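Enquirer: need coordinates for the below:
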Amino acid sequence: MTNKDIISLCPQAFLPFWRRSPVTFILVILSIIYLGFAIHFFGFSLSKILEGFANMKPILVAMFTWQDFSTWNFPGIFDGLVQTLAMAFLGTFFATLVCIPISFLTSKKVFRFTLLRFFIKRILDMIRGVDILIWAIIYVRAFGLGPLAGLLSIFTADVGTLGKLFSEATDNADTKQIEGIESSGSNKISVIRFGVVPQIIPIFISQSLYFFESNTRSAVILGVVGAGGIGLQLTERMKAQYWDQALFIIVLILIMVTIIDTLSRAIRKRIIDE
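Expert: Model prediction:
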């Protein structure tokens, strides 16, 4: 078979790229143009990057030069770690308790009142549309500096997201099991208790554990806006340029997050396997 025969069998394969897929070619060109504008807008340049690395050098040296280690405020640091864990756990726990009944009220398989379901879902959308840092700033202004603002911001943000996830899990429950219990003449509460709850509780626990794992990291960031915890301890030392203590706190945060991630993953795997 000659080259002409091959081209005649599949002529599109031998066309230039811009003729074979003009839409993709236009998108590539537009992406390159946008990338050029972005580089120009943010002022990227090799000299600026090299200058930034040069400015980081004394900070990195100060981080690894630990001075007067025995005089550091270890009670304050470890108290911040405990506050961070408490914020993440309590915020997730209370949000889970609130979202369990919300999941029933927003599920069309359990609750038939369409107008109320629509109203609750729109409230959850509104809560979910506000970032957790914004909630933290609001609560810091309302309740002052401290872990209470962090706990409330985690709780509020989780209600918006867990409420949606729990509702979808309830909607996806097996209909056959529900119909089987309904056919026995059971009332609505019994149908929910024995037909819906056994299916969704493992999912709820798994999702809550994942959010606790994620909220442990979020609680650290909340300290930047004054919501207490280890993040506040880290921010104060960075402002005072105690870079050695800042590195020590970062290492503790990494250890804490790694332990929480490992335990949470193991528990979720056990729940899913069962």
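Enquirer: ok, Leu222 to Phe155 distance?
Expert: 12 Å (CB to CB, to the nearest Å). Heads up, the C-betas are built off the backbone N, CA and C, glycines and all.
Enquirer: over to Asp171?
Expert: For Asp171, the distance to Phe155 - CB to CB - is 24 Å.
Enquirer: looking at these two, which is more packed in?
Expert: Each of Asp171 and Phe155 has its neighbours counted (other CB atoms under 10 Å); Phe155 has more, 22 against 14.
Enquirer: wait, that one touches Ala88, no?
Expert: No. Contact criterion CB atoms under 8 Å: Phe155 and Ala88 do not qualify, at 10.6 Å.
Enquirer: how about the helices in the stretch 101-250 of the chain?
Expert: 114-128, 132-143, 147-171, 175-183, 188-191, 197-222, 230-239, 243-273 (DSSP state H, counting those that start in this stretch).
Enquirer: helices and strands around the shortest one, which ones?
Expert: Meaning helix 188-191. helix 175-183 (3 or more CB pairs under 8 Å, 6 or more residues apart in numbering; DSSP states H and E).
Enquirer: can you list contacts of stretch 254-269?
Expert: Where contact means CB atoms under 8 Å, 6 or more residues apart in numbering, the residues beyond stretch 254-269 that reach it are 81, 84-85, 206, 209-210, 212-213, 216-217, 230.
Enquirer: check stretch 140-147 too.
Expert: In contact with stretch 140-147 (CB under 8 Å, 6+ apart) are residues 83, 86-87, 149, 152, 225-229, 232.
Enquirer: how about a markdown table for these, with pLDDT and neighbour count added?
Expert: Below are these laid out as a markdown table (pLDDT from 0 to 100; neighbours: other CB atoms under 10 Å):
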| residue | pLDDT | neighbour count |
| --- | --- | --- |
| Gln83 | 89 | 24 |
| Ala86 | 90 | 16 |
| Met87 | 90 | 31 |
| Ala149 | 88 | 25 |
| Leu152 | 92 | 22 |
| Val225 | 83 | 22 |
| Gly226 | 79 | 19 |
| Ala227 | 80 | 33 |
| Gly228 | 78 | 26 |
| Gly229 | 82 | 26 |
| Leu232 | 84 | 24 |
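Enquirer: now distance to Phe143 too, for those residues, in a markdown table please.
Expert: Putting the contacts of stretch 140-147 into a markdown table (distance: CB to CB, whole Å) gives the following:
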| residue | distance to Phe143 |
| --- | --- |
| Gln83 | 14 |
| Ala86 | 15 |
| Met87 | 13 |
| Ala149 | 5 |
| Leu152 | 7 |
| Val225 | 13 |
| Gly226 | 10 |
| Ala227 | 10 |
| Gly228 | 10 |
| Gly229 | 14 |
| Leu232 | 14 |
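Enquirer: out of these, who's nearest Asp125?
Expert: Leu152 (19.7 Å; CB to CB).
Enquirer: against Trp135, how distant is that closest one?
Expert: Counting by CB to CB, the gap from Leu152 to Trp135 is 7 Å.
Enquirer: equivalent analysis for Trp66, please.
Expert: To Trp135, Trp66 is 36 Å away according to CB to CB.
Enquirer: so between the two, which is more surrounded?
Expert: Trp135 (23 against 13).
Enquirer: just checking, that one touches Gly150?
Expert: No. Contact criterion CB under 8 Å: Trp135 and Gly150 do not qualify, at 9.6 Å.
Enquirer: where does the stretch 151-274 of the chain dip in pLDDT?
Expert: In the predicted model, the stretch 151-274 of the chain carries pLDDT under 70 at residues 177-179, 181-182, 184-188, 272-274.
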